[in-house]
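J.: Here is a sequence together with a model predicted from it:
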Amino acid sequence: MYITFLFSLFIFIYILGGNLKEILKTLLFISHTPYWFMRTYICLFIFAPIINLYLNVVQKRILLLAFLFFISTYLGTSHGDPSLQDGKNLANFIFLYVIGNTLNRYKYYWKRFKYSQLVPIFMGINIALVVSYLSVGSNSIMGKAIWILSYPYCSPILLVNALLMFLIIGKIRLRSTKINYLASSTLAIYLIHSQPVILNVIGKAIPVLKDWSFDNVSFLLLIICYTLVIMFVSIFVDKALQPVWSYVIRLGNIANMHYYKFIGQ
C-alpha cells in the first residue's frame, strides 16, 4: 500500500509538476489511481483479516464458494450486473481469495495430483481455446462466446486456468537467489510501466518499432527486446529506491500490528 503511494507520488512529482488538483489526487491514491488492480488488492488486504475470521469457523464452505461463484462469475460474465462486469472488482478478488484459502486448507486432497498431469491439462485447455477462437473468428457468435467465457477476469475458463496455475505453482520447488531478487520487483514493473504518462510514452514507441522491422518475426523480436528493456529499467528504479522501501515497510508493519489489534486478531 505504502509503496504504491510512493511510486505514484514520485512519478507525479517528476513528470506532472505542481498542479494542486493532481497533487490531491495523488495523496488519495486508493480512490484516485489508474491502478485498478492495486486499488482492489489494497481493499482485499484491508478486509482479509475479517474474512479469515469467518473462514476459520465456516462449516459449509462449498455453499460459500457457490454463492461467490454466482455473484462474481455468473453475474459478471452474463452482464447481469454492470458493476461486476470484467471481474475488476472486490467481489471477484474475495472469490479468488476464498478459493486460495480453501486450496491451502485442503491441500492433502490435491497434493496427489502430479505436476506431469496438471501441466498437460493446462496447456491443452489453452491451446484448444486459442485454436478454437482463431478458427471461428472474433466476429462470429462462437468467437464472441469464447471471448466472454475466457477473457474477463471473472470468466469461468480463466477461473479454471487460475485453479490449475495455483496447483502447478504449489508443486514447484524452485530456490534461486537471482530469480527471487528479480521477482521481488514484479510489483514495481507493474506500477512504473502502467503509470498513464509513462504508458503513453511506451505506446508511442510501438509504431517506430514497426517501421524498423522487416516482417512480423523481426517486429516480434523487437517487441520482446523492448519489453525486456522496460522490465530491467523498472527493476533498476526499484532497487535504487530499496532503502526508501525498507523504511516504509517498517512503518507498514507497525501499522499492520495496530490494525490486527484493533480487529481483535
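T.: Received the coordinates, thanks.

J.: Figure out the length between the terminal residues of stretch 53-71.
T.: Stretch 53-71 has an end-to-end distance of 21 Å (criterion: CA to CA, to the nearest Å).

J.: Quick check: phi and psi on Q195?
T.: phi -60, psi 130 (degrees, to the nearest 10).

J.: gap between it and I202?
T.: Q195 sits at a distance of 10 Å from I202 (criterion: CB to CB, to the nearest Å). C-beta coordinates here come from the backbone N, C-alpha and C atoms, glycine included.

J.: ok, the two, which is more surrounded?
T.: Q195 (21 against 15; other CB atoms under 10 Å).

J.: That one and F262: what is the separation?
T.: On the measure of CB to CB, Q195 and F262 end up 33 Å apart.

J.: Just the C-alpha atoms of stretch 82-95, please, in CSV.
T.: Output in CSV follows, covering the C-alpha atoms of stretch 82-95 (Å, rounded to 0.1, in the frame of the first residue of the first chain):
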residue,chain,number,x,y,z
PRO,A,82,-22.6,-3.9,-14.8
SER,A,83,-20.6,-3.3,-11.6
LEU,A,84,-19.4,-6.9,-11.6
GLN,A,85,-18.5,-7.0,-15.3
ASP,A,86,-15.0,-8.0,-16.3
GLY,A,87,-14.1,-9.0,-12.7
LYS,A,88,-12.1,-5.9,-11.9
ASN,A,89,-13.8,-5.6,-8.5
LEU,A,90,-13.5,-6.6,-4.9
ALA,A,91,-16.2,-9.3,-5.2
ASN,A,92,-14.1,-11.3,-7.7
PHE,A,93,-10.9,-10.8,-5.6
ILE,A,94,-12.7,-12.1,-2.5
PHE,A,95,-13.9,-15.1,-4.5
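
J.: Next, the buried residues of that stretch.
T.: The neighbour-count check on stretch 82-95 (16 or more other CB atoms under 10 Å) flags 84-85, 87-95 as buried.

J.: Tell me the one among the residues you listed nearest to V208.
T.: Closest to V208 out of the buried residues of stretch 82-95 is K88 (30.7 Å), distances taken as CB to CB.

J.: Identify the residue nearest that closest one in space, chain neighbours excluded?
T.: Leaving aside its sequence neighbours, K88 sits nearest to W36 (CB to CB, 6 or more residues apart in numbering; 5.1 Å).

J.: Show which residues not belonging to stretch 222-230 make contact with it.
T.: The contact list for stretch 222-230 (CB atoms under 8 Å, 6 or more residues apart in numbering) reads 189, 193, 202, 205-206, 209, 212-213.
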